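Enquirer: Got a sequence here, can you build the structure:
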Amino acid sequence: MPGRVLEFIVVLTFFLFCSAPAALAKNSQTFVIGFGLGSYNYNDEDFEEMENIIYGSEFIEWYLFDEIGLGIRTHKFYKTGSSDSDEELLMANMNLTVNWVFLGSEDDFRLAIYVGYGPGVVEYSNEKANLEISETATTSSGGLFLDWGGETFGIRLGAHVVSAGFDYEEDSASGTIDGSGSSVDLGVRLAF
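Expert: Next up, the predicted model:
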């Protein structure tokens with residue numbers, strides 16, 4: 001039963017967002033949804049030795065104050081393997097964002113920035129060190145993106161900075177997993 005209530009709330013919220021007056025956004029993009037894939041560089045040099053990285057981001061934006069909008073943006077990272085041990089790192093965060101289209105709000109070429117804040121989770125394992133860590137923490141992000149396309153379909157090139165530190169205490173080991181870093185991605189978006 002609680003699952004049905006949550007599902008109803010999500011559908012109702014989505015309907016209210018979509019039915020908002022389109023005249024609120026000068027760029028005719030009241031509601032935007034999309035995703036991107038790219039590369040991620042960790043600030044922590046230990047993670048740079050890991051191979052097989054997969055990085056992706058998803059975003060939902062609602063422009064309710066002309067060029068200013070609110071949104072949700074996720075960043076997800078997955079890395080495995082290294083030269084000297086069997087490591088695995090999975091990190092995901094979900095940030096509530098404030099977006100500002102500061103150039104070209106009425107054009108097919110738009111430039112925007114965003115800042116975000118919200119929860120994140122990390123799961124790390126290292127067989128050599130006998131570590132299994134799963135922690136949550138507050139994360140933040142910011143970035144710049146170039147949006148090119150028409151009123152409905154477009155592409156985005158983005159540069160992002162993520163701040164995510166996860167403190168852990170596992171048996172006799174303690175420390176911080178620093179998932180902070182920077183990324184570049186290319187994505188697609190739909191606007192309504």
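Enquirer: would you list every one of the helices in this structure?
Expert: Along the chain, the segments classed as helices by DSSP state H run 2-18, 45-48.
Enquirer: mean pLDDT for those: which is lowest?
Expert: Least confidently modelled of the helices of the chain is helix 2-18, at a mean of 52 by mean pLDDT.
Enquirer: where does this structure have low pLDDT?
Expert: 1-28, 48, 50-52, 82-85 (pLDDT under 70).
Enquirer: again, only using 50
Expert: Within the chain, the stretches with pLDDT under 50 are 1-2, 12, 16-26.
Enquirer: Spatially central residue for it, please.
Expert: Thr74 (2.5 Å; C-alpha atoms, centre = their mean).
Enquirer: Just confirm that one contacts Ile60, I think it does.
Expert: No - between Thr74 and Ile60 there is no contact, the gap being 9.4 Å when judged by C-beta atoms under 8 Å. From N, CA and C alone the C-beta is placed, and that goes for glycine too.
Enquirer: Who does Gly69 form a beta bridge with?
Expert: Asn99 (DSSP bridges).
Enquirer: Surely it and Glu61 touch.
Expert: Yes - in this structure, Gly69 is within contact of Glu61 by C-beta under 8 Å, at 4.9 Å.
Enquirer: just the CA coordinates of stretch 169-180, formatted as PDB?
Expert: Presented in PDB, the C-alpha positions along stretch 169-180 are these (Å, rounded to 0.1, in the frame of the first residue of the first chain):
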ATOM      1  CA  GLU A 169      34.900   3.100  10.300                       C
ATOM      2  CA  GLU A 170      35.200  -0.600   9.400                       C
ATOM      3  CA  ASP A 171      36.500  -2.900  12.200                       C
ATOM      4  CA  SER A 172      40.000  -1.600  12.900                       C
ATOM      5  CA  ALA A 173      40.200   0.500   9.800                       C
ATOM      6  CA  SER A 174      38.900   4.100   9.400                       C
ATOM      7  CA  GLY A 175      39.300   6.900   7.000                       C
ATOM      8  CA  THR A 176      37.600   8.800   4.200                       C
ATOM      9  CA  ILE A 177      36.800   7.700   0.700                       C
ATOM     10  CA  ASP A 178      37.200  10.800  -1.500                       C
ATOM     11  CA  GLY A 179      35.100  10.500  -4.500                       C
ATOM     12  CA  SER A 180      35.500  14.100  -5.500                       C
END
